[in-house]
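Student: coordinates only, sequence not included:
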């Protein structure tokens with residue numbers, strides 16, 4: 001049970017990071033488009049929340065966050081709980 005909670009926490013963290021990356025990319029794109037005089041098209045995914053980024057990029061960032069969070073959770077679970085390599089870190093007991 002502890003392992004599943006740990007991996008779920010990594011999933012949530014990675015999804016939040018993907019939302020931040022989405023916001024940064026979208027802000028950069030909007031600044032570029034306004035500076036270059038381009039027309040910004042509103043895209044919608046799941047029927048709400050208009051966005052300047054194409055739908056494939058929005059969904060791709062979300063999927064990348066979910067997959068990355070899962071693999072990071074499994075990787076760090078193995079390092080910390082299975083291999084116990086945290087003892088070699090500074091302040092490790």
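Tutor: It's in. Please read all numbers here as calculations on a predicted model, not as lab measurements. Numbering: from 1, shown residues only.
Student: okay, CA-based contacts and neighbour counts for the rest of this
Tutor: Noted.
Student: so where's this structure uncertain?
Tutor: 87-93 (pLDDT under 70).
Student: all the helices of it, in order from the start?
Tutor: Using DSSP state H, the helices of the chain run over 2-36, 55-77.
Student: angle of the longest one against helix 55-77?
Tutor: Same thing as helix 2-36. Angle, helix 2-36 to helix 55-77, by axes from the mean of the first three to the mean of the last three C-alpha atoms, to 10 degrees: 150 degrees.
Student: what helices or strands is helix 2-36 leaning on?
Tutor: helix 55-77 (3 or more C-alpha pairs under 8 Å, 6 or more residues apart in numbering; DSSP states H and E).
Student: show residues contacting the helix it packs on.
Tutor: Contacting residues not belonging to helix 55-77 are listed as 3, 6-19, 21-22, 43-45 [C-alpha atoms under 8 Å, 6 or more residues apart in numbering].
Student: please redo it, this time with the cut-off set to 10 Å
Tutor: Helix 55-77 is contacted by residues 2-19, 21-22, 26, 42-46, 51-52, 54, 78-79, 82-85 when judged by C-alpha atoms under 10 Å, 6 or more residues apart in numbering.
Student: quick one, what contacts residue 44?
Tutor: 50, 51, 52, 53, 54, 55, 58.
Student: need the residues you listed in CSV (columns: distance to residue 70).
Tutor: Formatted as CSV, the contacts of residue 44 follow (distance: C-alpha to C-alpha, whole Å):
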residue, distance to residue 70
50, 28
51, 26
52, 28
53, 25
54, 25
55, 23
58, 19
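Student: drop anything exposed from the residues you listed.
Tutor: 51, 52, 53, 58 (16 or more other C-alpha atoms under 10 Å).
Student: count the residues that sit near the closest residue to the second one other than its chain neighbours.
Tutor: The shortest distance from residue 52 to any non-neighbouring residue, by C-alpha to C-alpha, 6 or more residues apart in numbering, is to residue 42 (5.1 Å). The number of residues packed around residue 42, counting by other C-alpha atoms under 10 Å, is 12.
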